[in-house]
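Asker: Prediction below, plus the sequence it came from.
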Amino acid sequence: MKKLKAFTLIELIVVLILSGLVVCSAGVLYYYAQRNFQIYKSSNELLLNTAKLKMLLDNDFFRSKIIEKSGDEVMFINDSNIVKIIFNGSNIIRIQNEVSDNLPYRQSNVEFFMNSNEVKTDGLIDEMILTISLNDSTIKYHFLKEYDAVQLMHKNRIGNI
């Protein structure tokens, strides 16, 4: 009688156990990789949105002719439009041409200045320091508008009428 070459039952069980361990460890590694990717993605989205906020405010300061503070609002007045930013504590709302952006940043402090003097009442400003809270850290942004004499004289003339 001819003997068939085959695996024994013990050898098959050992192979099944080893392959099961490999599959389980691959599943655990996949879970940790997926979780780390989600953390990475959320932190990058947060950083991307803060960069977007800074870019928008930089553009608003640069393009505006006059910047006025009115309560918790800042208005960036230009020839073609008015951009309004509202600071309400839990988020920052930016309104331009009837389009509203709700930026979910908790600002811990907003300071307004005119000619390096802090502005507590409503009026013209040329500098803003915005401190926002992100998770466990804070980011401080500094924005500065340099007015020319014509803009200041025009604003004073309109204000006196």
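Answerer: Arrived safely.

Asker: what ranges do the strands span in the protein?
Answerer: Counting by DSSP state E, the chain has strands at residues 66-70, 73-77, 82-87, 92-96, 99-103, 106-114, 117-118, 123-124, 127-134, 137-144.

Asker: Tell me how far the longest one lies from the chain's centre.
Answerer: Its chain's C-alpha centre and that of strand 106-114 lie 16 Å apart, by C-alpha atoms, centre = their mean, to the nearest Å.

Asker: tell me the mean pLDDT over it?
Answerer: Regarding strand 106-114, the rounded mean pLDDT is 84.

Asker: likewise the first one?
Answerer: Summarised as a single mean, pLDDT over strand 66-70 is 90.

Asker: Who does it pair with, and is each partner parallel or antiparallel?
Answerer: When pairing is defined by DSSP bridges, strand 66-70 lines up against strand 73-77 (antiparallel), strand 123-124 (antiparallel).

Asker: returning to that earlier point: could you dump the strands of the chain to a markdown table with distance to residue 150 and mean neighbour count?
Answerer: Bear in mind the C-beta positions are built from the backbone N, C-alpha and C, glycine included. Listed next are those as a markdown table, based on distance: least, C-beta to C-beta, whole Å; neighbours: other C-beta atoms under 10 Å:
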| stretch | distance to residue 150 | mean neighbour count |
| --- | --- | --- |
| strand 66-70 | 11 | 18 |
| strand 73-77 | 14 | 19 |
| strand 82-87 | 20 | 18 |
| strand 92-96 | 25 | 18 |
| strand 99-103 | 30 | 12 |
| strand 106-114 | 17 | 16 |
| strand 117-118 | 22 | 10 |
| strand 123-124 | 14 | 16 |
| strand 127-134 | 20 | 18 |
| strand 137-144 | 19 | 13 |
